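Chemist: sequence and predicted structure are below.
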Amino acid sequence: MTINIKKSLVALAGALAMAAGAQAADLNSVIKGDQRSKEYAARDQYRNPAETLKFMGIEPDMTVVEITPGGGWYTEILGPYLSEKGKLYAAHFPEDSESAYYQRSLKNFKEKLAGNKEAYKNVIITEFSPQTGREVAPAGSADAVVTFRNVHNWMYRDYQDKAFDSFFAALKPGGILGVVEHRAKPGTSMEDMIKSGYVTQEYVIEVAKKAGFELEEASEVNANSKDTAKHPKGVWTLPPSLRLGDEDKDKYLAIGESDRMTLRFRKPKS
């Protein structure tokens, strides 16, 4: 009897290990998939999507909300990864926005999804509009909310608090909030953060905690020690923006994309 129990436990452990390995392989295969544009895939060396999503705890059977997906850099990964067992709410720019840029971005995003209906079959477009109070997803429905390089934009418009409140509302108790943001040096003023696009890690944590989140862990997976966070055109001096054009282009290409914080917060279970 004891031998049989031991054999059963060994078999179970092996099955679990195989399942975990298969899940990891699925994410890696999605990242290498044909649905990804070559331009986007070239940035993997800076954005580390596999390591980032694993750190955030994103699994293929989750309901995930991606905030302002823009051109769909992460949607190209999250959409297919969640396509069979999960769901992705893409909280994009408002449909009724008066901004020509917002309208163009939303139109292009919809065309991307329509161009590969199988990969994006479980993607639902919602709106991210903190100033109007619209839901990014039905209240209490999401296992995770993720946002990449967006916090500085909300600070410019002074609705960062409302943004984090909307994430808290969308999440189930115990849900995850994953944040990647350009990182300013400690002590950087609010004015300089807004102007440069770099935000202190302490400030992001402060805003998240104010909304009710608990910081679970910080990762250096997207750190870049070459980045001083002090550039003529702020973070947009670096690739992919290269706001100075050919001026010192090789210098900024050698630095690469910005130094970034990667944070995982948790909505309390009660």
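Modeler: Done, it's in. Numbering: from 1, shown residues only.

Chemist: per the annotation, how does this structure divide into domains?
Modeler: What automatic domain parsing lists as the domains of the chain is 1-32, 37-266.

Chemist: please, where are all the helices along the stretch 1-150 of the chain?
Modeler: 2-31, 38-41, 44-47, 49-56, 75-81, 100-114 (DSSP state H, counting those that start in this stretch).

Chemist: how about the stretch 151-270 of the chain?
Modeler: 151-157, 160-170, 190-196, 201-211, 249-255.

Chemist: Asn222: which of those helices is closest?
Modeler: Closest of these to Asn222 is helix 201-211, at 11.9 Å (criterion: C-beta to C-beta). Quick note: C-beta positions are derived from backbone N, CA and C, even for glycine.

Chemist: same for the closest one, what does it pack against?
Modeler: Counting contacts by 3 or more C-beta pairs under 8 Å, 6 or more residues apart in numbering; DSSP states H and E, helix 201-211 packs against helix 160-170, strand 171-182, strand 214-219, strand 260-266.

Chemist: return the list of helices and strands in contact with the first one.
Modeler: Helices and strands touching helix 160-170, as assessed by 3+ C-beta pairs under 8 Å, 6+ apart, comprise strand 63-67, strand 142-148, helix 151-157, strand 171-182, helix 201-211.

Chemist: point out the most buried one among the ones you listed.
Modeler: Using mean count of other C-beta atoms under 10 Å, the stretch among the helices and strands packed on helix 160-170 with the largest mean neighbour count is strand 63-67, at a mean of 27.

Chemist: strand partners of it, parallel vs antiparallel please.
Modeler: strand 87-92 (parallel), strand 142-148 (parallel) (DSSP bridges).

Chemist: turn those strands into JSON lines, including mean pLDDT and distance to Pro130.
Modeler: Output for those, formatted as JSON lines (pLDDT from 0 to 100; distance: least, C-beta to C-beta, whole Å):
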{"stretch": "strand 87-92", "mean pLDDT": "98", "distance to Pro130": "10"}
{"stretch": "strand 142-148", "mean pLDDT": "98", "distance to Pro130": "12"}
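
Chemist: okay, the ones you listed in a markdown table with distance to Arg47 next?
Modeler: Converted to a markdown table, these look like this (distance: least, C-beta to C-beta, whole Å):
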| stretch | distance to Arg47 |
| --- | --- |
| strand 87-92 | 18 |
| strand 142-148 | 8 |
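
Chemist: closest one to Asp158 among the ones you listed?
Modeler: strand 142-148 (17.0 Å).

Chemist: which residues does the closest one contact?
Modeler: 47, 56-58, 62-68, 73-74, 78, 89, 136-137, 167, 170-172, 175-180 (C-beta atoms under 8 Å, 6 or more residues apart in numbering).

Chemist: what angle separates it from strand 171-182?
Modeler: 10 degrees (axes from the mean of the first three to the mean of the last three C-alpha atoms, to 10 degrees).

Chemist: which residues of the stretch 101-250 of the chain score low on pLDDT?
Modeler: Residue ranges of the stretch 101-250 of the chain with pLDDT under 70: none are present.

Chemist: apply 90 and report the result again.
Modeler: By pLDDT under 90, the low-scoring segments of the stretch 101-250 of the chain are 131, 133.

Chemist: if we can go back for a sec, just name the most buried of the domains of the chain.
Modeler: By mean count of other C-beta under 10 Å, the domains of the chain have domain 37-266 as the most buried, with a mean of 18.

Chemist: off-centre distance for that one?
Modeler: Distance, stretch centre to chain centre, for domain 37-266: 4 Å (C-alpha atoms, centre = their mean, to the nearest Å).

Chemist: quick check: end-to-end length of that domain?
Modeler: 32 Å (C-alpha to C-alpha, to the nearest Å).

Chemist: what does stretch 144-155 give?
Modeler: End-to-end for stretch 144-155, by C-alpha to C-alpha: 22 Å.

Chemist: what residues are up against Pro94?
Modeler: 102, 127-129, 132, 134.
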